[in-house]
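Trainee: here's my sequence, what's the structure:
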Amino acid sequence: MKILWNDQILEDSEVAIDFEDRGYQFGDGIYEVIRIYDGCMYMEKEHLDRLWVSAEKIRMVLPFTREELSQRLHRLVKEVGLANARIYFQVTRGVAKPRLHDFPDPKEVTPVLTADVQAVTRPAAKQNIGIRAGFVEDKRWLHCDIKSISLLGNLLALDEAKQKGYEEAVLVRDGFVTEASASNLWMVKNDILYTHPDGNLVLPGIAKIKIREIAKAFGLEVREEAFTREALLAADECFKTSSVAEIMPIVEIDDQKIGEGMPGKLTKKLLNAYIEAIQLTVQSHLNEK
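Mentor: So this is what the prediction gives:
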């Protein structure tokens, strides 16, 4: 498998993680995942914007420009040659010796970039019927707006939901729903879209940006405000959004049906529009070649 290692493309067997890489020892790093459709990296600019915001929030000085990073990622995508996939890339703060909790001087350590590309297809079967979720207490840290490689809190939440037989966790903090284990969460009530406002309790999603645009085009009202678990259970529809899952209906939470217990009409309308937006972007990308 081909791996991007800083500015080189290597076989994965040629890449070695230093034991004292701060990403390995502290989870001191950030990452992004971009969906690739027909060779087009969808919403690349927004993903790179968020990477730079995350870097600033953890006081990491990235050792490349946006243009340089983009060129490296495109080079990897082209060399791997998968038309429909996802590209995962992360930047750790780098190797610092000896192991200390203090952030090292940026002049003395160089962040390490790695990336890979793996095949991904649209989860159409699940989108057609929806998934079941369970409420889980949100015990994660208070910097959820940073797309950190430290994801143990998210993993524990998802595992707790799966231990109960559900496919997803709906996180609740102080009585209010925040998000899913790795996705933004939405509910529909009386044709109004609700989602938690951006801030330190949720990750500002890239798919969320597109949903806002689509909703505005449809003349739909979007209220970015926190809602309770009780309000969610009384909702007409519920869905989660992410770059890989796109729009995924959630039809049942804690064994209680949401609405009619099937993907709702507005959820399906948004999904169709989301897919159309992707197709338009891909066609524009192909026309530019």
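Trainee: Ala96 versus Pro63, what's the distance?
Mentor: 14 Å (C-beta to C-beta, to the nearest Å). (Glycine included, C-beta is placed from N, CA and C.)
Trainee: out of those two, which sits in the busier spot?
Mentor: Neighbour count, other C-beta atoms under 10 Å: between Pro63 and Ala96, Ala96 has more, with 21 against 17.
Trainee: distance of the nearest residue to the more buried one once chain neighbours are set aside from Ile30?
Mentor: Distances taken as C-beta to C-beta, 6 or more residues apart in numbering place Pro104 nearest to Ala96, at 4.1 Å, with adjacent residues excluded. Counting by C-beta to C-beta, the gap from Pro104 to Ile30 is 16 Å.
Trainee: can I get stretch 238-247 in PDB, CA atoms only?
Mentor: The C-alpha coordinates for stretch 238-247 follow below in PDB (Å, rounded to 0.1, in the frame of the first residue of the first chain):
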ATOM      1  CA  CYS A 238     -33.100  12.400  12.800                       C
ATOM      2  CA  PHE A 239     -29.900  12.000  10.800                       C
ATOM      3  CA  LYS A 240     -26.100  12.300  11.200                       C
ATOM      4  CA  THR A 241     -23.700  13.800   8.700                       C
ATOM      5  CA  SER A 242     -20.000  13.300   7.900                       C
ATOM      6  CA  SER A 243     -17.800  13.300   4.900                       C
ATOM      7  CA  VAL A 244     -17.800   9.500   4.700                       C
ATOM      8  CA  ALA A 245     -21.300   8.700   5.900                       C
ATOM      9  CA  GLU A 246     -22.700  11.700   4.000                       C
ATOM     10  CA  ILE A 247     -26.300  11.800   5.300                       C
END
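Trainee: which residues does that stretch contact?
Mentor: Contacts to stretch 238-247, defined as C-beta atoms under 8 Å, 6 or more residues apart in numbering, come from residues 33-35, 42-43, 47, 86, 120, 122-123, 127, 168, 179-180, 182-188, 205-208, 211, 232, 248-251, 253, 258-259, 263, 267, 270-271, 274-275.
Trainee: could you do stretch 13-33 as well?
Mentor: 3, 5, 47-48, 50-51, 54-55, 58, 60, 86-99, 101, 104, 109, 111-112, 114, 146-150, 152, 243-244.
Trainee: if anything else comes up later, I'll come back, but that's it for now.
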